[in-house]
Each structure stands twice: as C-alpha cells, then as structure tokens.
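# no sequence on this one, just coordinates:
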C-alpha cells in the first residue's frame, strides 16, 4: 500500500518533469515574446514538484529503505521487491532530471542571445531619427515656462 503510493507519487513527479523538459526544449528556440509564458509555466511546475517532494518525504517515513532506494543509495540486488519498484520509478525521474540538466546551457545561451537582440533593437531605436526628434520636442517644448502653462504643467 505504502509502496504503491510512493511509486504513484514518483510517477506523477516524472510527468511533471516531462512537462518541464518539453517547455524547456521549446524555450531553446522560441522568441522572447513567448518566453515569459513558458517561464511562468515552469515556475508553476516547480511548485507542483516541490509538493510531490513534500509528499514523498512523508511517505518515506513509514517505508523502511524506500528513501535510500529512491535516491540510489543502496545495492539494487539487496532491495526488497517493494523497494525495487520504488528504485525503478525513481530512476525514471533521475533520467529526466539528467536531460533537463543537459538542456540548461542551451537554454541559457538562447536567452542570452535573445537579450542581446533586444538590447540591439533598443539601441537602434534610441539612435533613430524619430527618437531623436521626440527627445528634442520634449526638451524644447515642455521646458519652456510659457508652454508649461499652456499645456497645464505646473512649475516643479
């Protein structure tokens, strides 16, 4: 019974990490406009994973050897049949975690490239003629006391 609950929770944790991996893979190629929603989704998944971890900690308290099996701190051949099921379910989780870790540098690289692209666009916008004209307009017209009164601005 306890073993079934642990294995089920590990399987749910695996599904959460699977979704996390799929979102991370998508984030490695998508534009900056879509990154925020996916980052929010990943944060939500992290919260759900933390809840699963809390459940597992409680379940491990009443299952001798289960935590060691789940964390691969044992000799597989010496495990009971129940703990072998836990070990096998946990190894799937460890496998997906490894894939997520491998994706980290790719995701970081893509996000840095997107950031650089945005900074370049911002610099280009600030150098544009329209931007320069707008700054001139703001400086020339709204600094004048007469125009401040005309447009309803009060002196600071």
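Looks like it came in fine. Model, not experiment: these values are computed from the prediction. Numbering: from 1, shown residues only.
# Tell me which residues of the helix or strand hosting residue 57 come out buried.
Per DSSP states H and E: residue 57 is located in helix 32-61. If you call a residue buried by 16 or more other CB atoms under 10 Å, then helix 32-61 has these buried ones: 35, 41, 45, 49, 52, 55, 56, 59, 60. Using the backbone N, CA and C atoms, a C-beta is placed for each residue, glycine as well.
# what's near enough to touch the third one?
For residue 45, the residues meeting the contact criterion (CB atoms under 8 Å, 6 or more residues apart in numbering) are 16, 17, 19, 20, 23.
# now the last one, nearest residue through space, not along the chain?
Spatially, and ignoring its direct neighbours in sequence, residue 23 is nearest to residue 38 (5.0 Å; CB to CB, 6 or more residues apart in numbering).
# Dead centre of the protein: give me the residue that sits there.
Geometric centre of the chain, nearest residue: residue 42, 4.0 Å, by CA atoms, centre = their mean.
# Could I get the full set of helices for this structure?
Assigned by DSSP state H, the helices in the chain fall at 2-27, 32-61, 66-70, 81-127, 129-142, 145-150.
# who are the neighbours in contact with the residue nearest to the centre of the chain?
20, 23, 24.
# any idea how far residue 79 is from it?
33 Å (CB to CB, to the nearest Å).
# can you check residue 4 too?
From residue 4 to residue 79 the distance is 16 Å (CB to CB).
# Please apply the same query to residue 33.
49 Å.
# before we move on, what about residue 47?
From residue 47 to residue 79 the distance is 31 Å (CB to CB).
# for residue 11, same thing?
18 Å.
# One more: residue 66?
Taking CB to CB, one finds residue 66 at 10 Å from residue 79.
# likewise residue 14?
Residue 14 sits 19 Å away from residue 79, taking CB to CB as the criterion.
# swap in residue 6?
13 Å.
# Good, we can wrap up now.
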